[in-house]
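# This is the structure alone, sequence omitted:
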């Protein structure tokens, strides 16, 4: 079954309602909820698909999965009572990931290999016009015969056949997030690539430099609104500058936590190598930043799963309050041109006290004045290619002899980054109070999600600012052929679903609030 719906139509609320229903009838064990990202999983009180498959963040890129075989008692007990599986944010689920999930559930259920998901009823929630999976093929991807060679392609073909068996579709079309009707219509045209000149002119009224707007990024509420950007590098630059500005406003000396990087068990002491690794974007260091500028009261994002059951997941927003650290002679050995000369670098932080307003603390702790949680040092391992640092003749020799120039680095750092800015990918699935976005698309191919997801995070046009002027063409991005074909297929199934399942909820047409595209 599939429950599609654009952003803000209440998909997460429906999942919560279904969860409550199963609890009321004392059948909570029959329902399992999974999602492709930590934020999405926390939103529905579920697990990430990767964590269920036993994949860590780094090895999931290699598609290494726990080995499950018939007779695995732990696996069978986990799924013994499960009859319904909810998968949220389906746009970000890849074909290979779905195939692996299907294989494991079938193993747990001891069923005929031809029965999808071992007979478990699977319900997909999401919006195919939002962001697609990274380094994966989306569920609407069509596998060609030429791709049926490697095991990965066979997995994709298997998953595609699973999706093709979907025979029940109920679309959520009533907008529950957007309170501004004119803005709602604008978003509906935007997602279909049919924006008008009037839409463009309306959005232009929200550009920061518009003199009639009278909005300042230095004053509340906009100085607290996150800036959504497309690139991790730009996000880091904005965050570093914002923290520096905040420290100057408060009359404080800027303090920066420095990650500790190890090679072969020893702290890296080569200055050139250390500086290069510290300056790597956190997207290449398992999301542990080399430098973490901090100032009391700044917004932060958690970058790893600390306690998903408490809502402390990768992507959870919080407010930094205090850093506990040891003074060290190493603190004065760092210099970076991105920070002022009087910056205090801290080499041995112990933990940070961070307030998480939406943290689900136990009832015994509800009397705490603030939900401040100590976030301790985390460890991650990543690969770094030293080729750029080697002498030219050494690099050539390594290439000729087919020797790798990649080394394994272990990093110890706080799993936090400033949240004055975040990527548009990270914003998917969230409802935000006020945001500042950029509609100048980055180089390369652009998917409709890049244009649609950022502005759809808020309820009203007045909650949105646009950082700079943009071209009308940015509002004309079309969905891909594969997306349109899958949406048409779901639309047709949705039209027949009420006839096969005649219940009172279908008294009203479910596709009457907007048109995704013209059906022919």
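Here it is on my side, so go on. As the structure is a computational prediction, the values presented were derived from the model and not from experiment.
# So in this structure, which helix runs the longest?
In the chain, with assignment by DSSP state H, the single longest helix is helix 481-500.
# so where is this protein shaky, pLDDT-wise?
55-72, 144-151, 329-335, 362-370, 393-398, 400, 503-520 (pLDDT under 70).
# Phi first, then psi, for the closest residue to residue 431 other than its chain neighbours.
What sits nearest to residue 431 in space, not counting adjacent residues and going by CB to CB, 6 or more residues apart in numbering, is residue 177, at 5.7 Å. Quick note: C-beta positions are derived from backbone N, CA and C, even for glycine. The phi and psi values for residue 177, taken as degrees, to the nearest 10, are phi -90, psi -50.
# Just give me the neighbour total for residue 177.
17 (other CB atoms under 10 Å).
# Which positions within stretch 109-129 qualify as buried?
Within stretch 109-129, the residues that count as buried by 16 or more other CB atoms under 10 Å are 109, 116-118, 120, 122-129.
# can you check stretch 474-485 too?
Result for stretch 474-485 [16+ other CB under 10 Å]: buried residues 474, 475, 477, 479, 480, 482, 483, 484.
# from the chain's centre, how far out does it sit?
Centroid separation between stretch 474-485 and its chain, computed with CA atoms, centre = their mean, to the nearest Å, is 21 Å.
# Equivalent analysis for stretch 130-141, please.
Worked out by CA atoms, centre = their mean, stretch 130-141 lies 13 Å from the chain centre.
# tell me the helices in the stretch 1-150 of the chain, going along the chain?
Along the stretch 1-150 of the chain, the segments classed as helices by DSSP state H, counting those that start in this stretch run 11-24, 38-43, 49-52, 73-79, 95-109.
# quick one, which of these is packed in tightest?
The highest mean neighbour count among the helices of the stretch 1-150 of the chain, using mean count of other CB atoms under 10 Å, belongs to helix 38-43: a mean of 24.
# Show me what it is in contact with.
Identification of contacts with helix 38-43 by CB atoms under 8 Å, 6 or more residues apart in numbering yields 12, 33-35, 47-48, 88-89, 92, 305, 308, 311, 313-316, 426, 428-430.
# ok, now with 6 Å
Helix 38-43 has contacts (CB atoms under 6 Å, 6 or more residues apart in numbering) with 12, 35, 47-48, 88-89, 305, 308, 311, 313-315, 429.
# Now go through those residues and say which are in strands.
Among these, DSSP state E puts 35, 47, 48 in strands.
# The spatially most central residue of the chain: what secondary structure?
Closest residue to the average C-alpha location of the chain: residue 426 at 3.9 Å, with CA atoms, centre = their mean. Residue 426 carries the three-state label helix when classified by DSSP: H, G, I helix; E, B strand; the rest coil.
# swap in residue 340?
coil.
# all strands of the stretch 401-520 of the chain, in order?
406-413, 416-418, 421-423, 435-437, 464-466 (DSSP state E, counting those that start in this stretch).
# Of all those strands, which one comes closest to residue 225?
Comparison of these against residue 225 by CB to CB identifies strand 435-437 as nearest, at 5.3 Å.
# residues contacting the closest residue to residue 83 other than its chain neighbours?
Once flanking residues are discounted, residue 83 sits nearest to residue 30: 4.7 Å by CB to CB, 6+ apart. By CB under 6 Å, 6+ apart, the contact list for residue 30 reads 81, 83, 84.
# Could you check how far the first one is from residue 468?
Meaning residue 81. Counting by CB to CB, to the nearest Å, the gap from residue 81 to residue 468 is 54 Å.
# and the strands of the stretch 401-520 of the chain as a markdown table, adding distance to residue 138 and mean neighbour count?
Rendered in a markdown table, the data for these read as follows (distance: least, CB to CB, whole Å; neighbours: other CB atoms under 10 Å):
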| stretch | distance to residue 138 | mean neighbour count |
| --- | --- | --- |
| strand 406-413 | 30 | 17 |
| strand 416-418 | 27 | 24 |
| strand 421-423 | 19 | 22 |
| strand 435-437 | 24 | 23 |
| strand 464-466 | 27 | 21 |
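# right, so of those strands, which gets closest to residue 283?
Minimum separation from residue 283 across the strands of the stretch 401-520 of the chain (CB to CB) falls at strand 421-423, 9.0 Å.
# and that closest one, which strands flank it?
strand 227-229 (parallel) (DSSP bridges).
# what's next to stretch 468-483, contact-wise?
With contact meaning CB under 6 Å, 6+ apart, stretch 468-483 is reached by 128-129, 140, 142, 193, 195, 200, 207, 439-441, 446, 448, 451.
# how long is that stretch end to end?
Across its full length, stretch 468-483 reaches 30 Å end to end, with CA to CA, to the nearest Å as the criterion.
# what do you get for stretch 409-417?
Taking CA to CA, stretch 409-417 runs 20 Å from one end to the other.
# now swap in stretch 439-446 and tell me
One end of stretch 439-446 to the other measures 11 Å (CA to CA).
# can you give me the strands for the stretch 251-400 of the chain?
Using DSSP E, counting those that start in this stretch, strands in the stretch 251-400 of the chain cover 255-258, 260-263, 266-267, 291-294, 299-302, 317-325, 344-346, 349-355, 372-376, 378-385.
# With distance to residue 237 and mean neighbour count added, can I get the ones you listed in CSV?
Output for the strands of the stretch 251-400 of the chain, formatted as CSV (distance: least, CB to CB, whole Å; neighbours: other CB under 10 Å):
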stretch, distance to residue 237, mean neighbour count
strand 255-258, 15, 22
strand 260-263, 21, 18
strand 266-267, 27, 10
strand 291-294, 11, 23
strand 299-302, 16, 22
strand 317-325, 19, 17
strand 344-346, 19, 17
strand 349-355, 22, 19
strand 372-376, 24, 17
strand 378-385, 21, 16
